[in-house]
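Student: fold the following for me, if possible:
(one chain, ligands or ions: 2)
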Amino acid sequence: TKRFGAVRALGGVTLDFPAGQVTALMGENGAGKSTLLKILTGDHQPTEGHVVLDGERVDLASPAQARAAGIRIIPQEPEIIPHVSVAENVYAGSL
Ligand SMILES: Nc1ncnc2c1ncn2[C@@H]1O[C@H](COP(=O)(O)OP(=O)(O)OP(=O)(O)O)[C@@H](O)[C@H]1O
Ligand SMILES: [Mg+2]
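Tutor: Numbers count the residues shown, from 1 in each chain. Ligands and ions are numbered 1, 2, ... in the order given. Coordinates of the predicted model:
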């Protein structure tokens with residue numbers, strides 16, 4: 001769950017990202033997709049709930065901690081780096 005003041009951006013969301021699979025997260029504008037990802041990247045802290053990675057509860061209190069846990073996000077346009085590879089986008093900031 002994530003609240004921004006009176007706005008409830010996420011309400012009791014639970015989902016798994018199984019290893020070795022591509023998972024598509026879809027929803028209408030304002031559904032909470034970016035908010036969920038920002039929790040996984042340590043940009044936001046959940047109001048309630050937690051993240052489990054490889055069976056261990058992880059503290060994603062900052063973007064640096066999320067990166068150290070191996071979590072990377074490629075933002076949507078226009079924030080991608082168009083002239084480099086997908087892999088280089090994934091590891092931007094670590095090269
Ligand atoms: N920093 C913030 N402060 C207040 N409300 C916010 C904030 N960030 C997101 N919200 C609100 O939380 C809800 C979810 O927004 P979010 O951006 O996560 O949706 P989204 O699924 O990524 O939408 P889109 O498809 O438009 O990118 C919306 O009602 C949005 O207005
Ligand atoms: Mg979004």
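Student: separation between the residue located most distally from the centre of the chain and ligand 2?
Tutor: Centroid-distance maximum for the chain: residue 83 at 23.7 Å, with C-alpha atoms, centre = their mean. Per C-beta to the ion, to the nearest Å, residue 83 is found 24 Å from ligand 2. C-beta here means a position set from N, CA and C on the backbone, and glycine is covered the same way.
Student: and that residue, which of the three is it?
Tutor: coil (DSSP: H, G, I helix; E, B strand; the rest coil).
Student: what's in contact with the helix or strand bottoming out on mean pLDDT in the chain?
Tutor: In the chain, the helix or strand scored least confidently by mean pLDDT, DSSP states H and E is helix 86-90, which has a mean of 91. Helix 86-90 has contacts (C-beta atoms under 8 Å, 6 or more residues apart in numbering) with 72, 74, 80-81, 95.
Student: cool, stretch 25-40 as well?
Tutor: Residues external to stretch 25-40 that are found in contact with it (C-beta under 8 Å, 6+ apart): 2, 9-10, 13, 15, 44-46, 51, 60, 66, 71, 73.
Student: tell me the average confidence for it?
Tutor: Stretch 25-40 shows an average pLDDT of 96 in the prediction.
Student: that one: which residues count as buried?
Tutor: Burial within stretch 25-40, assessed by neighbour count using 16 or more other C-beta atoms under 10 Å, is assigned to 32-33, 35-36, 38-40.
Student: all good on my end, thank you.
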